[in-house]
Structure formats: structure tokens, C-alpha cells
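Undergrad: attaching a predicted model along with its sequence, questions to come.
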Amino acid sequence: MARVLINVPRSAKRGDIITIRTLIQHTMETGYRPNAQGEVVPRDIIRRFTCSYDGAVIFSAELSPAIAANPFLSFTTVATRSGTVTMTWEGDNGFAQTETRPIEVT
Amino acid sequence: MKATRRALAALLLPAPVFAQARPRVVVVGGGFGGATAARSLHRAGIATTLVEASATYTACPFSNAVIAGLRGMAAQRFGYDALRAEGITVVHQRATGVDATARRVTLVDGTTLPFDRALLSPGIEIRFDGLPGYDEAAAEVMPHAWQAGPQTELLAAQLRDMPDGGTVVMVVPPNPYRCPPGPYERASLIAHFLKSRKPRSKLLVLDAKDVFSKQRLFEAAWASLYPDTLEYVPLAMGGRVTEVDPKSRRVTTDFGTQDGAVVNVIPPQRAGAIAQLAGVADRSGWCPVDPASFESRLVPGVHVIGDAIIAGAMPKSAFAANAQARVAAAAMVALLAGRAVQAPKLLNTCYSLVAPEYGISVAGVYQPANGLLTDVSGAGGTSPLEAPAGVRAAEARYAEDWFATITADVFG
């Protein structure tokens, strides 16, 4: 499991614009870099990130080899109702990780 | 009237017209760079005026030891009497403008100083627009102590007076900034202070970067000396601080908040004010220069050295400013005589103390390439990662000797 940092407000007022931030520790190996022996290091990146809230995908991103290690994503949405924010990272070598955070909307 | 006008005209004419006239250089900024340059120029026969607002210079190297209570402030202070005694004109005023076309520096009282070439050694100024919540008033509560002087003493006093058990929070900026290993030396010495004087306290270092100067040496020293005192949070662990609140002494990162009994914010910086006024700084806030002559790329006839410049691989340090001052002075002497500028090699060494009697260092050699100063590959290096205590103690002594030598060279 990669180490993940997540910032989802614990509570918000209905209609508020909230900011969600995530940072996942991942090398994002490009697939173009030679190692000390001169062999190309195989690509190992996160390819896709998806965030769902209140039953719908509210944000998703395709990541590419040009994105730096430990990808940091920050995006906004509108607080609609109490529920769960679900975040999923998928990538090379079968990488898959899901994290959830509750949010209370009043 | 006519005679006066003639005399004025003589003053304003370019020097080469008068074969006997000594070329004039005005140096603005009397730190390690400016004071060295003034001496080098004067010794090469240039009529040199040094403009420095303060009558006393307070040195940054070793000021982290003052913060940690290991050293008195008096050892950091230097005057300009030796420069004056040597024949350099020293003017203690703030420069308010540099006119490269009319070739004169304006001082705050309205006096103008004519020059054939000017050299600026502006140092840094704090960007009070660079971190939300951090303005001049906030710096009185959460000191930066990144310009030695009252700020250094304020941070030292806050640490001395804090309760045992309180948390010290340090905020470290992204590159570029003055003294790349400085924050980590400071973290080490504050951790040493806490461990010996406030053993229930902790130091939390929040960094906007993942990699830094002498990192493996610092991290090895922290693991062995301060495992229960110092916690380091890099960018990848959420260490980037996005906002500070001086009222509650609270700092906010992308992923949380932290309150400190003492908060030391090292904020973003840019070239000192005179660089902006003279137009030698670009949009980055720093000064692009030719790496052989240190002549500004934006304002011909004006040279810039030290922490204020975009120096490529060469760090912003007192050692580097001293080295650049000699090279820039030699280049100015050559240009004033109509000779070509020699391609230089420059040296830098940075010592850091991680505890009393425990020094580490990094050295580099630099030369112009592709318009910047670049590392000479295979030259320089850092202290060994594994070394007996005797080696570390010797390096701590070398650091003291270096400070004694350079301050004698610049101000003595």
C-alpha cells in the first residue's frame, strides 16, 4: 500500500464549494530512464485517478509519464449531502488503491 | 558659473577621455560580496565608493549558533573602519536608485555619486507577499531570522523563554533562497538546544522540498543525535506550508494544521531592494548576470554579485559572494582598461554545524558554461557519510577558522 495524504473537509454546509486534496507516494517511473547498468527502467506509473461522491464520479484524471513523483491533486466540488468521498488510483503492475473519507453536510 | 559648468562637465565625461583620471566605481551593499569587491577594486587602483546603509554589518554565517544559545551576537558584528583606513570612501546611506545611462547612484538624501561602472551586492529581501499570512507584523511574532540582526535575537529569546514541552515549528521554503543548507543547520542546532535545555520539547520541520543540500549527512546526524526531538516532514509527506496565522501561531499545510510554541518561518525571498530599483532583477525577483564578468544582462555597466544573482549551480552563500566579488572586480578592472574578461573558476565551501563539535561540509568548483555557472565535474564533494567523531570535530573547527579568515579578509 502506498502512503496517501488526503484532505477532505469533515463537514460543510450544503451548497458550499469544498476543496479536496490528495498526495500519493509513488515513484512515477517514466519508462525512459536508464539505470546504472544502462538498461531502461520499465515504466511504473499511476495511470488513472477517480474520485466519486454521492454516487457519481466528480473528478477523474489520466496521468502520464511526464507527471512528477508523488502526484498531488487538488480539485473542488459542491457539497450536496452527507456521504462518502471515494478515491481510487490505478496504474502499472496492477497498482490499485482505494481510500474513503466521510463528509457531513448540514 | 561658466567655470562651475566646465567642472561639472569634466565630472560627467566618460573616464577614458582623461588618461590620468582614475576610473570610478560605486559599490552598493557592504556585506561579504560588496565589502570584498570594494577592497579588490580599491587595491587595483579604482576610485571606489562603498554605499552601505548600516554602520555595522551583522553576519549570517554562524548566526544559527546564536539562535541556539551557543554564541554571542557580538561575534557576528563587523564595522567598516578598516576599509575607510585603507582609503575606500564609505557612505552610510541607503541608495535609492541606480541610473545606468547617466551613470550615477542616488542616495536617500539626494546626493548623487557618479561612476564609470557600478557593482551591486544587494543580498536578499523577504517576500512578504510570498506566503499568505506572513507580513512584516507576523515576522515580529514568527521570526524568520534569515537576515541576521534583531530577528536573530528575537528567535533566540523565544526559544530561551518557551516552556519545556512546547513544540517548535520551522517552515522551510522551496528553492531558491539564501544559504541552501542553512535551514537544516538551524534545525540541527535548535534540536540540540531543545535536547539539552528543554528535553520534553519537539521540533517539527515542515519543508516545501523533498531534496536538499547535504541531505544524507544531515539525516544520518539527526537519526543518531536527535531521534526523539526532530521530526522532518518533506513535501512528499505534506510538508508544504500554504498559510500561517501569527495570532494563534498556527501553520497550515495542504493536509492539516500545526500550532507551535515558537514558529520560525523562513519565507520566500528575492534580490535586495536596490536590485529591483536598478532594474537588474527579472520577473523571478533575482538578477540574471554574465557568469564571467557578473555584468547584468538587463542593465549594461552595472555588475551584480552574491545572493541576489541567478548563479546556476553556485549557491547563495557568503563564501560564494566573496569569490564572485574578486572575479567581478577583476572583470571590471579589465573592462575599464579596455581589456578582455578572463574566464574564471570559482570555489565555494559551506560548513554546517549539526551539533557543537560536529561539522559537515560541501565544496564545489564552478565555471561559466551555457550562460550560467556550472559545476566542474569531479571537483568538490561532501564530507564522508561514515566518519569518526574526530573528523566531525575537526570540520567544526575548520568552520570556525573559515569564519575568522573570511571576516578578517573582508572587514579586518
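TA: Now that the structure is in, tell me what you want to look at.
Undergrad: tell me the confidence at residue 17?
TA: Looking at chain A here, since you left the chain open. We have a pLDDT of 97 for residue A:17.
Undergrad: nope, chain B please
TA: Taking residue B:17 on its own, its pLDDT is 47.
Undergrad: before we move on, which element is the most centrally placed residue in chain A in?
TA: By C-alpha atoms, centre = their mean, chain A has its centre lying nearest to residue A:49, at 4.9 Å. Assigned by DSSP states H and E, residue A:49 belongs to strand A:46-53.
Undergrad: buried set for that strand?
TA: Buried positions in strand A:46-53, judged by neighbour count with 16 or more other C-beta atoms under 10 Å in any protein chain shown: A:46, A:49, A:51-53. Bear in mind the C-beta positions are built from the backbone N, C-alpha and C, glycine included.
Undergrad: partner strands of it, parallel or antiparallel?
TA: Here strand A:46-53 has these sheet partners by DSSP bridges: strand A:56-62 (antiparallel), strand A:83-91 (antiparallel).
Undergrad: for residue B:283, find the nearest of these.
TA: strand A:56-62 (29.8 Å; C-beta to C-beta).
Undergrad: tell me how far the closest one lies from the chain's centre.
TA: Chain-centre distance of strand A:56-62: 10 Å, with C-alpha atoms, centre = their mean, to the nearest Å.
Undergrad: outside of it, which residues touch it?
TA: Contacts with strand A:56-62, where a contact means C-beta atoms under 8 Å, 6 or more residues apart in numbering or on different chains, come from A:20, A:47-52, A:73, A:75, A:77.
Undergrad: again, only using 10 Å
TA: A:20, A:46-53, A:67, A:71, A:73, A:75-78, A:80, A:85-89 (C-beta atoms under 10 Å, 6 or more residues apart in numbering or on different chains).
Undergrad: re the thing from before, just the pLDDT at the residue nearest to the centre of chain A, thanks.
TA: 98.
Undergrad: what's the closest non-adjacent residue to it?
TA: Distances taken as C-beta to C-beta, 6 or more residues apart in numbering or on different chains place residue A:61 nearest to residue A:49, at 4.6 Å, with adjacent residues excluded.
Undergrad: neighbours of that neighbour, just the number please.
TA: Residues contacting residue A:61 under the criterion other C-beta atoms under 10 Å in any protein chain shown number 16.
Undergrad: against chain B, how distant is it?
TA: 17 Å (C-beta to the nearest C-beta, to the nearest Å).
Undergrad: how about residue A:77, nearest residue that isn't a chain neighbour?
TA: Nearest to residue A:77 is residue A:58, by C-beta to C-beta, 6+ apart, at 4.8 Å.
Undergrad: actually residue A:78, not the one I typed
TA: Here the residue nearest residue A:78, using C-beta to C-beta, 6+ apart, is residue A:17, at 5.9 Å.
Undergrad: in a strand, residue B:401, correct?
TA: No: Residue B:401 is assigned helix when assessed by DSSP: H, G, I helix; E, B strand; the rest coil, not a strand.
Undergrad: quick one, what contacts it?
TA: Here residue B:401 is in contact with residue B:351 (criterion: C-beta under 10 Å, 6+ apart).
Undergrad: quick one: the residue nearest to residue A:78 and residue A:9, what's the gap?
TA: Per C-beta to C-beta, to the nearest Å, residue A:17 is found 11 Å from residue A:9.
Undergrad: which of the two has more neighbours?
TA: Higher neighbour count among residue A:17 and residue A:9: residue A:9, with 15 against 9, using other C-beta under 10 Å.
Undergrad: host element of the closest residue to the more buried one other than its chain neighbours?
TA: Distances taken as C-beta to C-beta, 6+ apart place residue A:18 nearest to residue A:9, at 5.1 Å, with adjacent residues excluded. Per DSSP H and E, residue A:18 falls inside strand A:17-24.
Undergrad: that strand: which residues count as buried?
TA: Buried, per 16+ other C-beta under 10 Å, within strand A:17-24: A:18, A:20-24.
Undergrad: ok, these vs residue A:2, which is closest?
TA: Nearest member of these to residue A:2, counting by C-beta to C-beta, is residue A:24, at 5.3 Å.
Undergrad: so what's that closest one up against?
TA: When contacts are counted by C-beta under 10 Å, 6+ apart, residue A:24 touches A:2-6, A:46, A:49, A:69-73, A:87, A:89, A:91, A:95, A:97, A:99, B:236.
Undergrad: measure the closest residue to residue B:345 other than its chain neighbours to chain A for me?
TA: Computed as C-beta to C-beta, 6+ apart, the closest residue to residue B:345 that is not its neighbour in sequence is residue B:367, at 5.1 Å. The gap separating residue B:367 from chain A is 27 Å, by C-beta to the nearest C-beta.
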